[in-house]
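>>> coords please:
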Amino acid sequence: MTGSIFKRILNTIPRPLLIRLSYVARPFLALMLRGSRYIDPIDGKSFKKFLPYGYGRPRENVLSPSTLSLERHRLLWLYLNNETDFFKTYHKVLHFAPEQAFYKRFRNLKNLEYTTTDLFSPLADVKADICDLPFDDNSYDIILCNHVLEHIPDDTKAMQELYRVLKPGGMAILQIPQDLSREHTFEDDSITDPEERAAIFGQYDHVRVYGRDYFDKLRAIGFEVQEVNYTAKLDKKLVDSYRLAPGEILPVCYKPTS
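As a prediction, the model looks like this:
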């Protein structure tokens with residue numbers, strides 16, 4: 001009964017306010033939900049359950065009480081930790097719209113020359129438009145851009161800028177919300193009602209729903225793209241324990257060296 005009331009209260013709070021409240025309430029939530037069933041791989045803490053999250057019909061058991069990470073954040077962390085030298089070797093890194101789950105952890109890594117950027121985020125070192133970046137060509141070894149492009153009207157220009165500032169041989173992980181049942185990306189500027197946009201695009205401030213053609217669009221910009229289904233490489237019990245989204249694809253992109 002208490003859990004049901006708690007869930008109804010959460011669902012009535014606007015998401016931006018909920019996130020701000022979550023930062024304040026994080027220690028209490030982590031203590032209240034402490035257990036051994038589910039694990040946040042970012043900080044190694046375990047819980048009896050995670051929190052619900054999302055518009056309309058919130059996804060159950062997905063928001064970590066300790067780091068406030070979602071499925072996509074934990075997937076990216078695991079990939080970087082297990083499959084790359086991100087945490088060990090010197091890299092010059094550009095991170096768009098830095099997430100709280102990552103920001104301090106990446107900032108404290110001695111091997112990274114770490115720059116954050118966004119047009120509005122208070123965590124941004126450089127306030128910049130992703131379609132007109134103030135960085136030199138071939139500047140960064142690694143670019144992280146997690147759920148940003150679906151907000152950008154001219155995503156082609158944004159992709160071109162990401163390609164421009166990435167070093168030859170560099171890696172960009174460009175995550176987006178994606179409907180893999182769609183062959184083609186859908187967008188319609190004539191839909192202006194916020195509730196209708198949220199119902200169709202997932203959020204009122206999303207401008208498109210990406211389909212499977214997202215990867216080909218990145219290739220058309222010049223990237224070499226690996227469509228990494230990393231959850232398929234993990235034991236199913238771990239996928240559930242970490243509360244990952246089975247089948248989520250990581251777009252791991254490289255800039256050719258020649």
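
>>> roughly how far apart are the residue nearest to the spatial centre of the chain and Leu250?
Nearest to the mean C-alpha position of the chain, counting by CA atoms, centre = their mean, stands Asn146 at 3.4 Å. Note on Asn146: its distance to Leu250, by CB to CB, to the nearest Å, is 10 Å. (Each C-beta comes from the backbone N, C-alpha and C, glycine too.)

>>> Mutual contacts of those two, please.
Common contacts of Asn146 and Leu250 (CB atoms under 8 Å, 6 or more residues apart in numbering): Leu76, Ile173, Gln175.

>>> Make TSV from the residues you listed and add distance to Arg37 and secondary structure to it.
Listed next are the shared contacts of Asn146 and Leu250 as TSV, based on distance: CB to CB, whole Å; DSSP: H, G, I helix; E, B strand; the rest coil:
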residue	distance to Arg37	secondary structure
Leu76	22	helix
Ile173	29	strand
Gln175	26	strand
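
>>> quick one: contacts for the residue nearest to the centre of the chain?
Arg72, His73, Leu76, Phe96, Ala97, Glu99, Ile173, Gln175.

>>> how about 10 Å then?
Under the criterion of CB atoms under 10 Å, 6 or more residues apart in numbering, the neighbours of Asn146 are 70, 72-73, 76, 95-99, 101-102, 173-176.

>>> do the same with Leu119
Counted by CB under 10 Å, 6+ apart, Leu119 has contacts Phe96, Ala97, Lys127, Ala128, Asp129, Ile130, Cys131, His151.

>>> Could you look up the SS state of the residue lying closest to Leu133 once chain neighbours are set aside?
Nearest non-adjacent residue to Leu133, counting by CB to CB, 6 or more residues apart in numbering: Glu161, 4.8 Å away. What DSSP: H, G, I helix; E, B strand; the rest coil gives for Glu161 is helix.

>>> show me the contacts for Glu161.
Ala128, Asp129, Ile130, Cys131, Asp132, Leu133, Phe135, Ile221.

>>> measure it to Pro41 for me?
Taking CB to CB, one finds Glu161 at 31 Å from Pro41.

>>> In the stretch 51-200 of the chain, where is pLDDT below threshold?
56 (pLDDT under 70).

>>> still on that earlier bit, quick one: which of the contacts of Glu161 has the most company?
Ile130 (22 neighbours; other CB atoms under 10 Å).

>>> Angles on the backbone of that residue, please.
phi -60, psi -20 (degrees, to the nearest 10).

>>> Leaving out sequence neighbours, find the closest residue to it.
That would be Ala158: by CB to CB, 6+ apart, it lies 4.6 Å from Ile130.

>>> Count the residues that sit near the one you found.
23.

>>> where do the helices sit along this structure?
2-12, 15-32, 71-83, 100-107, 155-165, 194-201, 214-221, 236-241 (DSSP state H).

>>> related to what we said a few turns ago, Produce a ChimeraX select command limited to the buried residues of the contacts of Asn146.
In ChimeraX, this line selects whichever of the contacts of Asn146 come out buried by 16 or more other CB atoms under 10 Å:
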select :70,72,73,76,95,96,97,98,99,101,102,173,174,175,176
